[in-house]
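*Asks:* model this:
(chains A, B and C)
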Amino acid sequence: MKITCNGETKEITPGTTLVSFIQDMNLNPDTVVAECDGRIVKRDEYDTLVFSDGNVLELIRFVGGG
Amino acid sequence: MLKIADRTFRSRLFLGTGKFSSAETLKKTIEASGSEMITVALRRVDLNDPADDIMNVLDRDKYLFLPNTSGARDAKEAVRLARLARAAGSGDWLKLEVTPDPRTLLPDPIETLRATEELAKEGFIVLPYMNGDPILALRLQDAGAAAVMPLGAPIGTNLGLITKFQVEIIIDQARVPVIVDAGLGAPSDAALAMEIGADAVLVNTAISVAGDPVKMAAAFAGAVEAGRAAYEAGLGRKSAEASASSPLTGLDFIKT
Amino acid sequence: MFTIPPFAQLKAKVGFCTDADAQRSLRANHLNIDDLAALLSPEADKHLEAMAERSADITAQRFGKTTQIYAPLYVSSFCTNRCSYCGFAADNKIERRILSLEEAESEAMLLQQRGFNHILLVSGEAPAKLGVEYLEKLALLLRHRFAAISIEVQPLATEEYARLFAAGITSVAIYQETYDRKTYNKVHLGGMKSDFEFRLDTPARAAAGGMREVGIGTLLGLADWRTEGLALGLHLAWLRKNFWRTAITVSFPRLRPAAGEFEPLCTVTERDLSHLIFALRLFDPDVGIILSTREEARYRNGMIGLGPTRYSAGSCTAPGGYSDPEISGEQFAIGDHRSIQEVCAAIRQKGYDPVRKDWDAGFQLH
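*Replies:* I've put the predicted structure just below:
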């Protein structure tokens, strides 16, 4: 199945959780905030959120800024 | 000591973390600045460069993170970014920036006020970036801003405190702390802002793009301390006019 | 809530200033509370002429060559307070009177015929006789006939001020009389007014109630005038910080002869009064400064343009006194007995414009 992450289409296996997806992208789940279909995902849902086909995911984190 | 909301700060220099050449330089610069509050922005992760994580180099226990809403063009976008920042675990502190004009990055006063009202209601500690407009400062304060951040000059211009006249009025009138943000190009600009009574300054470009950012951070830290000390010591003011040696008013009508 | 430091502490602050402090503050562009202390100190006495000159410059710059004119309208002399300096004090055997709404209206119309457009409704403090309802009714009767209606009555609650504002009253005068608690307790022997804190908080309530203008002041002759000036400056600065939408005026009434034969506790000369006015003007360039008919015509003429921005004229301090000049029971004896025409002529002669209408309630939407 497919989801869109930060504008890119990603092929994932059904049953993939948010936390495993983030780790697969070589990102640290502690420093990344996720928005799934326009809804901010709470930190305690990272382990339990399982993607459905067509989900639109935004992964955001802090960068340098003034 | 400076107090904003319920937090006290020994250093009155806040540091922006943008435009640094390397994470290592950034880390050393923050240390040299003595700053206890540093600003960060929120961006979409670049999936092709996952290792570029600022949080790997910054100690969250040591510094208060002040996420900004840079990139927001209206109140709605700013509120969304604020909520994301909070979800990212930065706490309730927020530097509100609403800059619809990509050329000047000047803040939109109307959208900034709207966003401040909304975010203060949601429990954010809002520090809005604003132009040197005294009435807007009061309106933002009334809307729940924890401090106001008038610009010295447009972001990144290094023009210094060209809003001095208005910022003086803001300092005179506001109940909340006044932090001069943006445009300060040299330590002397920061010292001037502190001399006229600003509670703190936020500096980024002038430090990050200096030949030696670490050294420049120390220079700004010294200037901020000197300016503050001069303010507290009661700076000898420039006089508007020479004092009359032979007064002309004539008070002889007064019964003695 | 505004709190005032101990009077002795403020007095020490004024006394501690040097001549150098005074000179520096006199030249400063932007004065803070330390500057006000320096300008009120005895060291500043010898700079009175220079202060007058700066005060006159600032006043002209901020207010133009104008002086506002108003008249008080005393509506009631009933009072439950026992203030030892006041002719209306409950213990004084004077003829008490409260004007009916019709009488108050006809007194007001007399003032209007004489050329007044700004009036100040004044009463003693006797809420059972004269409460918010009375003031509201009277304001509704007068609001379309006067440009501005102010009140100087008992302290009210924020909601009551809001109610009166909606009825057309735009300004409230409420004087602390003295910022020295000890003296305050000594001269306010009974009644609601003996609560120092409640009175101190009243200007803030009036501002919170939406009033366009709030007047504060001290009654000179009760405590050290220099310290009173500093305390008033603190109160003024606090109100500015917390109610930036509200215009503020200050007034320094000097004790006048009144029923009860109260002797002033300290002397305040015309020179001292002038000193206070100039210092406050330098401290706050935008504050309205009122000089009432308590002062003599000669002095009031001399002060035109030097700092004060508002003069009362043709005043009578007894209820009903405009229709019946023979009436007794005045609050105090006035010092300037000229008519509004005479006062206006004196102002014009000095090159200033007497302004009888500075605002119109018709502009106000809510």
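*Asks:* and the residue of chain A closest to chain C?
*Replies:* Scanning chain A for the residue nearest chain C gives residue A:66, at 29.8 Å (criterion: Cβ to the nearest Cβ). For the C-beta atoms, the positions are set from N, CA and C on the backbone; glycine is no exception.
*Asks:* how near is that residue to chain B?
*Replies:* Distance, residue A:66 to chain B, by Cβ to the nearest Cβ, to the nearest Å: 3 Å.
*Asks:* that residue contacts residue B:38, correct?
*Replies:* No. Shown here, residue A:66 and residue B:38 do not form a contact pair, counting by Cβ atoms under 8 Å, at 9.7 Å.
*Asks:* need the overlap of contacts for those two.
*Replies:* Counting by Cβ atoms under 8 Å, 6 or more residues apart in numbering or on different chains, the common neighbours of residue A:66 and residue B:38 are B:16, B:17.
*Asks:* quick one: the strands in the chain?
*Replies:* With no chain named, the answer covers chain A. Using DSSP state E, the strands found in chain A span residues A:2-5, A:8-11, A:32-36, A:39-40, A:56-64.
*Asks:* wait, chain C was what I had in mind.
*Replies:* Counting by DSSP E, the segments of chain C that form strands are C:66-76, C:118-123, C:148-152, C:169-173, C:213-217, C:247-251, C:288-291, C:310-312, C:353-355.
*Asks:* so what strands line up beside the second one?
*Replies:* Each strand that pairs with strand C:118-123, with its direction, by DSSP bridges: strand C:66-76 (parallel), strand C:148-152 (parallel).
*Asks:* and among the ones you listed, the most buried is which?
*Replies:* By mean neighbour count, with neighbours taken as mean count of other Cβ atoms under 10 Å in any protein chain shown, strand C:66-76 ranks first of the strands paired with strand C:118-123 at a mean of 25.
*Asks:* what helices or strands is the helix or strand hosting residue B:201 leaning on?
*Replies:* When secondary structure is defined using DSSP states H and E, the element that contains residue B:201 is strand B:200-203. With contacts defined as 3 or more Cβ pairs under 8 Å, 6 or more residues apart in numbering or on different chains; DSSP states H and E, the secondary structure elements packing on strand B:200-203 are strand B:13-16, strand B:179-181, helix B:187-195, helix B:213-233.
*Asks:* name the residues that touch the last one?
*Replies:* With contact meaning Cβ under 8 Å, 6+ apart, helix B:213-233 is reached by B:11-13, B:15, B:20-21, B:25, B:28-30, B:32-35, B:187-188, B:190-197, B:200-201, B:203, B:206-207, B:210.
*Asks:* which among those residues end up buried?
*Replies:* In the contacts of helix B:213-233, burial by neighbour count holds for B:11-13, B:15, B:20, B:29-30, B:32-35, B:187-188, B:190-197, B:200-201, B:203, B:206-207, B:210, counting by 16 or more other Cβ atoms under 10 Å in any protein chain shown.
*Asks:* and chain A, which residues reach chain C?
*Replies:* Taking Cβ under 8 Å from any Cβ of the partner chain as the measure of proximity, chain A makes no contact with chain C.
*Asks:* can you list the residues of chain A near chain B?
*Replies:* Within chain A, the positions adjacent to chain B are A:5-8, A:25-28, A:30-33, A:35, A:40-43, A:58-66 by Cβ under 8 Å from any Cβ.
*Asks:* ChimeraX command for the buried members of the residues you listed?
*Replies:* Only the buried entries of these go into this ChimeraX selection, using 16+ other Cβ under 10 Å:
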select /A:5,25,27,31,32,33,35,40,41,58,59,60,61,62,63,64,65,66
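*Asks:* returning to that earlier point: export the strands paired with strand C:118-123 as CSV, with columns for distance to residue C:37 and mean pLDDT.
*Replies:* Written out in CSV, the entries for those read as follows (distance: least, Cβ to Cβ, whole Å; pLDDT from 0 to 100):
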stretch, distance to residue C:37, mean pLDDT
strand C:66-76, 29, 93
strand C:148-152, 29, 95
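*Asks:* dump the ones you listed into TSV; add distance to residue C:275 as well.
*Replies:* As requested, those are exported to TSV (distance: least, Cβ to Cβ, whole Å):
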stretch	distance to residue C:275
strand C:66-76	20
strand C:148-152	25
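*Asks:* can you give me the neighbour number for residue C:132?
*Replies:* Look at residue C:132: counted by other Cβ atoms under 10 Å in any protein chain shown, it has 18 neighbours.
*Asks:* quick check: closest non-adjacent residue to it.
*Replies:* Leaving aside its chain neighbours, residue C:132 sits nearest to residue C:160 (4.7 Å; criterion: Cβ to Cβ, 6 or more residues apart in numbering or on different chains).
*Asks:* any idea how far chain A is from the one you found?
*Replies:* Residue C:160 is 47 Å from chain A, where distance means Cβ to the nearest Cβ.
*Asks:* same check, this time on residue C:127
*Replies:* Distance, residue C:127 to chain A, using Cβ to the nearest Cβ: 56 Å.
*Asks:* and for the residue nearest to that residue when sequence neighbours are not counted, the neighbour number?
*Replies:* Counting by Cβ to Cβ, 6+ apart, residue C:154 is the residue found nearest to residue C:127 once chain neighbours are left out, at 6.0 Å. By the criterion of other Cβ under 10 Å, residue C:154 has 23 neighbours.
*Asks:* could you do residue C:114 as well?
*Replies:* Residue C:114 is flanked by 14 other residues according to other Cβ under 10 Å.
*Asks:* and residue B:166, how many neighbours?
*Replies:* Close neighbours of residue B:166, defined as other Cβ under 10 Å, add up to 17.
*Asks:* chain B against chain A: which residues are in contact?
*Replies:* When proximity is defined as Cβ under 8 Å from any Cβ, chain B approaches chain A at B:16-20, B:26, B:39-45, B:47, B:50-56, B:65, B:67-68, B:70, B:83-85, B:87-90, B:155, B:182, B:202, B:204-205.
*Asks:* take those residues and keep only those in strands.
*Replies:* Using DSSP E, the members of the residues of chain B next to chain A that fall in strands are B:16, B:39, B:40, B:41, B:42, B:43, B:44, B:65, B:67, B:202.
*Asks:* among those residues, the buried ones, what's the PyMOL command?
*Replies:* Once 16+ other Cβ under 10 Å is used to decide burial, the buried members of these can be selected in PyMOL as follows:
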select buried, chain B and resi 16+39+40+41+42+65+67+202
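*Asks:* pull the most distant pair out of the ones in strands among the residues of chain B next to chain A.
*Replies:* Farthest apart among those by Cβ to Cβ are B:44 and B:202. That separation is 24.4 Å.
*Asks:* I'd say residue C:206 and residue C:215 touch.
*Replies:* No. Between residue C:206 and residue C:215 no contact is recorded; they are 9.0 Å apart, counting by Cβ under 8 Å.
*Asks:* who touches both of these two?
*Replies:* Taking Cβ under 8 Å, 6+ apart as the contact criterion, the common neighbours of residue C:206 and residue C:215 are C:172, C:174.
*Asks:* what about these two, which has more around it?
*Replies:* Legend: neighbour count by other Cβ under 10 Å for residue C:206 and residue C:215, higher for residue C:206 (31 against 25).
*Asks:* kindly state the pLDDT recorded for the residue of the stretch 151-300 of chain C found nearest chain B?
*Replies:* Nearest residue of the stretch 151-300 of chain C to chain B, counting by Cβ to the nearest Cβ: residue C:270, 4.8 Å away. You'll see residue C:270 listed with a pLDDT of 93.
*Asks:* and it, how far from chain A?
*Replies:* Counting by Cβ to the nearest Cβ - residue C:270 and chain A are separated by 59 Å.
*Asks:* now do the contacts for that residue.
*Replies:* Going by Cβ under 8 Å, 6+ apart, the list of residues near residue C:270 reads B:254, B:255, B:256, C:295, C:299.
*Asks:* measure it to residue A:8 for me?
*Replies:* Distance, residue C:270 to residue A:8, by Cβ to Cβ, to the nearest Å: 84 Å.
*Asks:* before we move on, the earlier item: what sits against the residue nearest to residue C:127?
*Replies:* Applying Cβ under 8 Å, 6+ apart, one finds that residue C:154 lies in contact with C:123, C:125, C:126, C:127, C:192, C:193.
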